[in-house]
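Trainee: coords below, sequence missing:
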């Protein structure tokens, strides 16, 4: 497919990238391109310019601090995360990255692209909400860091504004996590998904994907199945219906997948 | 500062040959490979990133060349299906595809060969599960996949 004519730049630094984005209204950041290039083919998006982030080595690191805090650069690919020794500090990240699409997509698709596209069927938005990640956004004016559940604003919309870039994702230490999804074919697009994390104090955090414009975060009273089901029912879900699932069926899946994700998370305690 | 521009000059090495070309930013890598370099072995199946017929290896990593811009390949080393065999002799994998009848219409074959080549470099003797997972991004509408799995297994010495 021939794309609509587009300008292109490949900056060498984050400062230069945000400057280009701030100076050019119609320019968009190009991360792995595994979503953006396809929506450009379909003319669902037609940016005037692309600022390619693939030259920004500062955004590709995966670092583990002494206290177990993991900082993942927004341009780390799914394959980078799945093969990173540091990222194993929070094993669910690599496990879920290996469930995204296929080898080719995992070699180019990035965690930052997945989060910033905020497609409601993506795997990573509910996951980062469940594990209490924090997102660092950079602009010409400096940096700000917000919790993951404030990052997702609407379908395809995040807190990253014009002239800004997602720089990194900071994940606290922890291992008691779970993720469950019903997909179109193995590792395909999610029909519904749920990510869960059980804290050392027994607190439970659950994030449901594909049931609303943004991940729905709920906090069941405990990891007991009846508490989990009650919390999901109490969330007042009204999921969208499409050719793959009715609204009622998606709500049903959200409940079942929550139980599975929490069972996985609690099983690791 | 890097400027936004509608085209740029790129240098790529494809199958050991260096090419310098001026390309429009909007050109997909698969079109550059097929139309500009006349290497038509890599196919366009779906043009939506699903089918994997356009799979090539860029700097050692398997990618779908319909989901990357040609300008992004500046400085890269690219391997396509044309580069697999040397001096006209089939690779073990290509011979195994022939021996196991791993293709019918053949349209998906270049992508299958590149994905399997990438797998065998990482895992010289892959298990059937590893083969299935590695070929997940490549769709074949003829064979039902069984003979493709058999061929990759044979090339990996485990069949």
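Mentor: Yes, it's here. Keep in mind that this is a model prediction, so the values were computed, not measured. Numbering: from 1, shown residues only, chains lettered A, B, ... in the order given.

Trainee: burial count for the single nearest residue of chain B relative to chain A?
Mentor: The nearest approach of chain B to chain A comes at residue B:137, 2.8 Å away (C-beta to the nearest C-beta). Glycine gets a C-beta too; all of them are placed from N, C-alpha and C. Number of residues near residue B:137 (other C-beta atoms under 10 Å in any protein chain shown) recorded here: 24.

Trainee: which residues are in contact with it?
Mentor: The contact partners of residue B:137, by C-beta atoms under 8 Å, 6 or more residues apart in numbering or on different chains, come to A:101, A:102, A:103, A:104, A:105, B:52, B:55, B:64, B:115.

Trainee: what helix or strand is the residue nearest the centre of chain B located in?
Mentor: In chain B, the centroid-proximal residue (C-alpha atoms, centre = their mean) is residue B:56; its distance is 2.8 Å. Take DSSP states H and E as the rule and residue B:56 turns out to sit in strand B:55-58.

Trainee: and the helix or strand just after that strand, is it in reach of chain A?
Mentor: Downstream of strand B:55-58, the first helix or strand assigned by DSSP H and E is strand B:61-64. Yes. Using C-beta under 8 Å from any C-beta of the partner chain, strand B:61-64 reaches chain A at B:61, B:62, B:63, B:64.

Trainee: can you give me the helices for the chain?
Mentor: Defaulting to chain A. Ranges of helices within chain A are A:14-23, A:36-41, A:78-83, A:92-97, A:103-108, A:111-117, A:124-130, A:148-151, A:225-233, A:247-267, based on DSSP state H.

Trainee: switch to chain B, please.
Mentor: So, for chain B - with DSSP H - the helices run B:29-31, B:92-99, B:109-122, B:128-134, B:146-155.

Trainee: I'd like those as a markdown table, with mean pLDDT, mean neighbour count and distance to residue A:23 appended.
Mentor: Shown next, in a markdown table, are the helices of chain B (pLDDT from 0 to 100; neighbours: other C-beta atoms under 10 Å in any protein chain shown; distance: least, C-beta to C-beta, whole Å):
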| stretch | mean pLDDT | mean neighbour count | distance to residue A:23 |
| --- | --- | --- | --- |
| helix B:29-31 | 98 | 24 | 27 |
| helix B:92-99 | 97 | 18 | 49 |
| helix B:109-122 | 98 | 23 | 39 |
| helix B:128-134 | 97 | 16 | 43 |
| helix B:146-155 | 97 | 22 | 49 |
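
Trainee: for those helices, which one sits closest to residue A:65?
Mentor: helix B:109-122 (30.1 Å; C-beta to C-beta).

Trainee: about what we covered before: ok, the residue nearest to the centre of chain B - contacts?
Mentor: Residues near residue B:56 by C-beta under 8 Å, 6+ apart: B:29, B:33, B:42, B:62, B:63, B:65, B:78, B:79, B:80, B:114.

Trainee: now for those: which two are most distant?
Mentor: Most distant of the contacts of residue B:56, by C-beta to C-beta, are B:33 and B:62, 14.6 Å apart.

Trainee: returning to that earlier point: which one of the helices of chain A lies closest to residue B:74?
Mentor: helix A:103-108 (15.6 Å).

Trainee: how is chain B carved up into domains?
Mentor: Under the assignment automatic domain parsing, the domains of chain B span B:7-83, B:92-155.

Trainee: now those as JSON lines including distance to residue A:191?
Mentor: Formatted as JSON lines, the domains of chain B follow (distance: least, C-beta to C-beta, whole Å):
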{"stretch": "domain B:7-83", "distance to residue A:191": "17"}
{"stretch": "domain B:92-155", "distance to residue A:191": "18"}
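
Trainee: just the pLDDT for the closest residue to chain B within the stretch 151-269 of chain A.
Mentor: For the stretch 151-269 of chain A and chain B, the shortest gap (C-beta to the nearest C-beta) falls at residue A:187, measuring 6.3 Å. What the model reports for residue A:187 is a pLDDT of 90.
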